[in-house]
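[1] the following block contains a protein sequence and its predicted model.
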Amino acid sequence: MTTGPARPEGIARSGLPGPFAVGAYARGLRDFLRQRPRVQVFGEVWNLRVARTRVFFELRDRDGALPCAMWRERFDALRLPEGALADGTQLVVAGGPDYYPGSPAASPGFAFDVTAVRIAGEGDLLAQLAELRRKLDAEGLFEPQKVLGRPALPHTIGVVTGEQGKARDDVLAGLRRRGWAGRLVWAFAPVQDRRAAPAITRALQDLAALDDVDVVIVARGGGSLADLFAFCDETLCRTVALLRVPVIASVGHHTDRTLLDDVAAFSASTPTHAAEAAVALDVGEARRDTRATAAALARHGRRAVVERARHLARMGRVPGEHLARSRRALHQQLRELRAAATRRVALERAATTTRAEVLRRKAAAGAGAEADARRRALDGLALALTAHDPRRVLERGYAIVDDRHGKLVTSAARARETGALRVTFSDASVDARIEE
């Protein structure tokens with residue numbers, strides 16, 4: 001028969017009974033708790049977990065929390081609709097305290113042993129959360145972050161997350177996937193419990209105070225809504241709404257929605273997604289596109305140079321061909337001009353010969369007796385013309401009177417009417433005025 005270790009002596013002058021073996025005390029504690037009166041307790045369900053033999057959850061309200069456990073067969077016998085029991089549901093349970101004493105291979109545990117359940121409706125905490133969401137929305141605090149510009153390729157990114165959480169590695173993986181090689185500024189803070197919200201608020205304020213930070217990521221992995229409740233803190237949400245830098249929220253999984261997601265500039269489904277949203281430009285893809293564009297431009301450039309060279313070669317042949325055509329045309333025109341000149345000279349020579357013959361004959365005809373008679377007739381005509389020349393009349397003492405504009409004045413009445421006259425003598429003209 002196996003016996004336990006020998007009982008050691010107790011603490012001197014303690015005055016307390018014992019010492020007792022831990023197993024015996026744990027069993028006594030279990031029996032003591034099971035003897036407590038059975039009661040009904042109400043609160044909100046959080047952290048629901050259905051195992052093979054037991055269903056575990058917590059009941060919470062403003063002042064405390066109580067871990068609960070229910071046998072799976074009792075839970076299945078309730079035949080609750082799917083989704084009826086979820087985080088935030090208000091529940092009334094019947095039962096009493098229980099304690100599992102544990103063993104060398106298993107930890108002890110306390111739970112409220114649930115024997116009956118009644119769903120009472122939406123929990124008070126969820127109602128408070130909905131009211132706070134409406135309040136912040138009415139104050140316009142969901143909009144300021146949405147209008148902040150986010151650079152496609154930030155130089156510095158701030159990250160608020162738990163130091164040991166998986167979200168940190170997911171953020172790094174997302175940034176590596178983008179090919180981003182900028183600067184990261186970490187601000188580690190608790191992301192669950194009553195200390196989380198104030199610590200996250202201070203971390204965000206510290207990062208926003210750095211001039212180099214272009215965008216801030218707040219990241220936390222999955223969990224129940226109770227685990228994420230710190231991200232619904234009113235002070236935290238108001239602080240984020242007034243920050244100068246855009247905040248990308250990545251809290252929980254796809255279906256989780258905290259108030260921080262509503263206030264932030266962008267709500268990402270996972271920390272990896274948040275990193276990709278912070279760096280909108282895929283640097284690796286941009287490099288590949290740039291290389292492909294450069295290669296295409298190089299090919300295009302080479303093709304353009306070849307085409308240009310061919311075009312210049314064709315254009316280089318054009319002047320020679322044009323010159324040859326012009327030379328042939330000029331030679332043809334020269335031959336035609338020579339032929340035309342030869343024909344014209346022959347024609348002019350024949351015409352000149354004819355005119356010379358006519359003139360010769362006229363000259364021969366004019367050299368006879370008729371020439372003297374014609375000369376005498378011409379001399380008579382010249383004497384007659386000289387006799388009728390007005391100047392000859394003026395030389396005999398006559399004068400010509402006009403109105404200074406070349407119109408002759410032939411009467412005294414006309415002279416009086418004109419007044420200003422011009423009198424022309426044989427040697428000159430003088431102006432005159434009628435005074436009577």
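    Yep, that arrived. Numbers count the residues shown, from 1 in each chain.
[2] can we go C-alpha only for contacts and neighbour counts from here?
    Noted.
[3] Val245 should be in a helix, yeah?
    No - with DSSP: H, G, I helix; E, B strand; the rest coil as the criterion, Val245 is coil rather than part of a helix.
[4] now for it, how many residues are close by?
    Using other C-alpha atoms under 10 Å, Val245 has 24 neighbouring residues.
[5] OK, contacts around it?
    Counting by C-alpha atoms under 8 Å, 6 or more residues apart in numbering, Val245 touches Leu148, Ala208, Val213, Asp214, Val215, Val216.
[6] could the residues you listed go into CSV alongside pLDDT, secondary structure and neighbour count?
    Output for the contacts of Val245, formatted as CSV (pLDDT from 0 to 100; DSSP: H, G, I helix; E, B strand; the rest coil; neighbours: other C-alpha atoms under 10 Å):
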residue, pLDDT, secondary structure, neighbour count
Leu148, 92, coil, 14
Ala208, 93, helix, 21
Val213, 95, coil, 20
Asp214, 94, coil, 22
Val215, 95, strand, 24
Val216, 96, strand, 27
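[7] with distance to Leu242 as extra columns, can I get those residues in TSV?
    Below are the contacts of Val245 laid out as TSV (distance: C-alpha to C-alpha, whole Å):
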residue	distance to Leu242
Leu148	11
Ala208	10
Val213	16
Asp214	15
Val215	14
Val216	13
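[8] closest one of the residues you listed to Gly380?
    Leu148 (122.9 Å; C-alpha to C-alpha).
[9] show me where this protein has its strands.
    39-50, 54-60, 65-71, 89-100, 109-122, 156-161, 183-188, 215-220, 247-251, 266-267, 400-402, 420-424, 429-433 (DSSP state E).
[10] want to throw those strands into JSON lines with distance to Arg202?
    Output for the strands of the chain, formatted as JSON lines (distance: least, C-alpha to C-alpha, whole Å):
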{"stretch": "strand 39-50", "distance to Arg202": "27"}
{"stretch": "strand 54-60", "distance to Arg202": "27"}
{"stretch": "strand 65-71", "distance to Arg202": "27"}
{"stretch": "strand 89-100", "distance to Arg202": "32"}
{"stretch": "strand 109-122", "distance to Arg202": "33"}
{"stretch": "strand 156-161", "distance to Arg202": "10"}
{"stretch": "strand 183-188", "distance to Arg202": "9"}
{"stretch": "strand 215-220", "distance to Arg202": "12"}
{"stretch": "strand 247-251", "distance to Arg202": "14"}
{"stretch": "strand 266-267", "distance to Arg202": "20"}
{"stretch": "strand 400-402", "distance to Arg202": "123"}
{"stretch": "strand 420-424", "distance to Arg202": "120"}
{"stretch": "strand 429-433", "distance to Arg202": "121"}
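[11] tell me the contacts of Arg79?
    Residues near Arg79 by C-alpha under 8 Å, 6+ apart: none.
[12] state the distance from it to Leu48.
    16 Å (C-alpha to C-alpha, to the nearest Å).
[13] could you do Ala415 as well?
    Distance of Ala415 to Leu48, given as C-alpha to C-alpha: 144 Å.
[14] check Ala309 too.
    Per C-alpha to C-alpha, Ala309 is found 78 Å from Leu48.
[15] who's more crowded, those two?
    Per other C-alpha under 10 Å, whichever of Ala309 and Leu48 has more neighbours is Leu48, with 17 against 12.
[16] that one contacts Phe56, doesn't it?
    Yes - between Leu48 and Phe56 there is a contact at 5.9 Å, judged by C-alpha atoms under 8 Å.
[17] residues near Ala230, how many?
    Ala230, neighbours per other C-alpha under 10 Å, totals 23.
[18] kindly state the pLDDT recorded for it?
    Here the pLDDT value assigned to Ala230 is 87.
[19] now swap in Thr89 and tell me
    83.
[20] was I right about it contacting Gly83?
    No - in this structure Thr89 lies outside contact range of Gly83 using C-alpha under 8 Å: 10.1 Å.
[21] which of these two has more neighbours?
    The residue with more neighbours, out of Thr89 and Gly83 and counting by other C-alpha under 10 Å, is Thr89; that gives 21 against 7.
[22] please name the bridge partners of the more buried one.
    Glu122 (DSSP bridges).
[23] mind checking how far it is from Asp262?
    Distance, Thr89 to Asp262, by C-alpha to C-alpha: 22 Å.
[24] which residues of the chain fall in helices?
    Secondary structure of the chain by DSSP state H: the helices cover 22-34, 72-77, 124-138, 166-178, 196-208, 234-241, 259-263, 271-278, 283-366, 370-387, 390-395, 412-418.
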